[in-house]
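Colleague: Next input, structure requested:
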Amino acid sequence: MRSRNPVFSRRGFSRDNGYAGFNAAPQAGGPAVATQANPYAQGTQGNPYAQPAGNPYAQPAGNPYAQNPYAQQDQQFGAPPQAPPAAGRMTMDDVVIRTGSTLGLLVVTAALAWALLPVDDANIGRSYGIGIGAALIGMVLALVQSFKRKASPALILSYAAFEGVFLGVVSSVVDNRIADGAAMQAVIGTMAVFAGVLIAYKAGWIRVNRRFYGFVMAAALGFVFLMMVNLLFAVFGGGDGLGFRSGALGVVFGIVGIILGACFLALDFKQVEDGLAYGAPREEAWLAAFGLTLTLVWIYLEFLRLIAILNSND
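Modeller: I've put the predicted structure just below:
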């Protein structure tokens with residue numbers, strides 16, 4: 001159950017018209033294809049090649065885990081998939097506790113970085129360097145976890161710790177040198193987006209399906225590509241690059257980034273919902289926490305950047 005945020009990797013499910021298993025196979029006992037109006041239909045009398053009536057490929061009824069990605073199967077005897085033991089299934093409490101632990105560690109390290117790494121004229125270079133180094137380490141840890149088949153609590157918590165250092169430094173810079181109170185405004189904005197998407201998702205106003213998933217992934221890839229091109233122009237050409245992160249164009253791209261983050265949240269909620277419905281193993285709760293943390297960091301940074309642009313004197 002991988003995350004659908006900027007890492008772009010997640011395990012899919014196949015319930016109803018879900019976003020990853022979208023076209024579920026016909027169920028046994030469903031309506032058969034009509035043959036009365038078919039001039040090519042073969043009768044059973046006098047035809048030695050007639051096939052038995054019914055669907056020879058129908059699956060036995062009564063197995064609710066036939067399309068469950070978490071179902072266990074006896075490989076030695078070829079037994080049908082069985083549901084994992086109830087005691088080992090992921091619960092909402094597991095998701096909440098692990099997400100709270102991950103975000104809590106991130107907030108603690110961010111607060112420590114804010115307090116211990118000053119951003120005055122004499123120290124901003126050193127502090128910013130430590131923050132960028134922590135961001136690079138956090139990115140590597142996030143990529144490693146994204147390509148692992150199983151959740152690693154140590155990797156996820158380490159990512160949260162290093163990412164917190166980066167956020168603490170960046171937030172301090174923006175808050176103390178560009179826009180007073182920007183960090184708190186970004187936090188409030190992130191919480192508002194989280195609450196709004198959660199309410200909309202639970203009310204059924206947001207429907208996560210194949211089309212939604214494809215649109216979000218395409219938009220996110222295009223957004224990240226443009227930001228990378230802008231960064232390269234800024235590094236080698238100086239200034240603000242192509243201007244995607246400054247001025248009126250920067251405001252537009254900031255709003256687009258926040259909207260993409262909200263879409264990622266909807267995908268994360270779908271991930272959790274499907275994991276609970278299918279009886280995912282308890283360790284999958286760590287991946288849910290990892291995905292939610294990545295998405296919330298994305299939204300917070302977009303808010304922080306947008307506030308900095310709106311308050312910039314340039």
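Colleague: helix or strand right after the helix or strand hosting V144?
Modeller: Assessed by DSSP states H and E, V144 sits inside helix 124-147. Moving toward the C-terminus from helix 124-147, the next helix or strand (DSSP H and E) is helix 153-177.
Colleague: Can you list the helices and strands that the lowest-mean-pLDDT helix or strand in the chain packs against?
Modeller: Sorted by mean pLDDT, DSSP states H and E, the helices and strands of the chain end with helix 210-237, the least confident at a mean of 89. Using 3 or more C-beta pairs under 8 Å, 6 or more residues apart in numbering; DSSP states H and E, the elements in contact with helix 210-237 are helix 247-278. For the C-beta atoms, the positions are set from N, CA and C on the backbone; glycine is no exception.
Colleague: what sits up against the helix holding V144?
Modeller: 2-3, 7, 9, 113, 117-119, 151-152, 155-156, 158-159, 162-163, 165-166, 168-170, 172-173, 177, 290, 294 (C-beta atoms under 8 Å, 6 or more residues apart in numbering).
Colleague: filter these to the buried ones?
Modeller: Buried members of these, counted by 16 or more other C-beta atoms under 10 Å: 2-3, 7, 113, 117, 119, 151-152, 155-156, 158-159, 162-163, 165-166, 168-170, 172-173, 290, 294.
Colleague: just to revisit the earlier point, so for the helix holding V144, what's the average pLDDT?
Modeller: Average pLDDT, helix 124-147: 94.
Colleague: got it, and stretch 255-272?
Modeller: pLDDT averaged over stretch 255-272 gives 96.
Colleague: Check stretch 192-206 too.
Modeller: 95.
Colleague: Now it: buried residues?
Modeller: Buried residues in stretch 192-206 (16+ other C-beta under 10 Å): 193-194, 197, 201, 206.
Colleague: For that stretch, C-alpha coordinates in CSV please.
Modeller: Taking C-alpha atoms only, stretch 192-206 is exported to CSV below (Å, rounded to 0.1, in the frame of the first residue of the first chain):
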residue,chain,number,x,y,z
ALA,A,192,-7.8,23.6,6.6
VAL,A,193,-7.0,21.7,3.4
PHE,A,194,-6.7,18.4,5.3
ALA,A,195,-10.1,19.0,7.1
GLY,A,196,-11.8,20.2,3.9
VAL,A,197,-10.6,17.2,1.8
LEU,A,198,-11.5,14.7,4.6
ILE,A,199,-15.1,16.1,4.9
ALA,A,200,-15.5,16.2,1.1
TYR,A,201,-14.2,12.6,0.8
LYS,A,202,-16.4,11.2,3.5
ALA,A,203,-19.4,13.1,2.1
GLY,A,204,-18.8,11.5,-1.3
TRP,A,205,-18.1,14.8,-3.1
ILE,A,206,-14.7,13.4,-4.2
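Colleague: if I pick A262, what's in contact with it?
Modeller: Per C-beta under 8 Å, 6+ apart, neighbours of A262: 193, 196-197, 299.
Colleague: do that again at 10 Å, thanks
Modeller: Contacts for A262 were tallied using C-beta atoms under 10 Å, 6 or more residues apart in numbering; they are 193-194, 196-197, 200, 206, 216, 295, 299.
Colleague: M92 too?
Modeller: So M92 contacts 272-273, 275-276, 285, 288 (C-beta under 10 Å, 6+ apart).
Colleague: and if you look at L231?
Modeller: Contacts of L231 (C-beta under 10 Å, 6+ apart): 241-242, 244-245.
Colleague: now with 8 Å?
Modeller: L231 neighbours (C-beta under 8 Å, 6+ apart): G241.
Colleague: Distance check, it against F303.
Modeller: Distance, L231 to F303, using C-beta to C-beta, to the nearest Å: 19 Å.
Colleague: So which bits of the helix holding V144 are buried?
Modeller: Result for helix 124-147 [16+ other C-beta under 10 Å]: buried residues 124, 127-128, 130-131, 134-135, 137-139, 141-142, 145-146.
Colleague: Relative to R98, which of those is nearest.
Modeller: Q145 (13.3 Å; C-beta to C-beta).
Colleague: sorry, back to before: now render the buried residues of helix 124-147 as JSON lines, adding distance to I258.
Modeller: JSON lines is the format used below for these (distance: C-beta to C-beta, whole Å):
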{"residue": "I124", "distance to I258": "27"}
{"residue": "S127", "distance to I258": "27"}
{"residue": "Y128", "distance to I258": "24"}
{"residue": "I130", "distance to I258": "27"}
{"residue": "G131", "distance to I258": "22"}
{"residue": "A134", "distance to I258": "24"}
{"residue": "A135", "distance to I258": "20"}
{"residue": "I137", "distance to I258": "26"}
{"residue": "G138", "distance to I258": "21"}
{"residue": "M139", "distance to I258": "21"}
{"residue": "L141", "distance to I258": "25"}
{"residue": "A142", "distance to I258": "20"}
{"residue": "Q145", "distance to I258": "25"}
{"residue": "S146", "distance to I258": "22"}
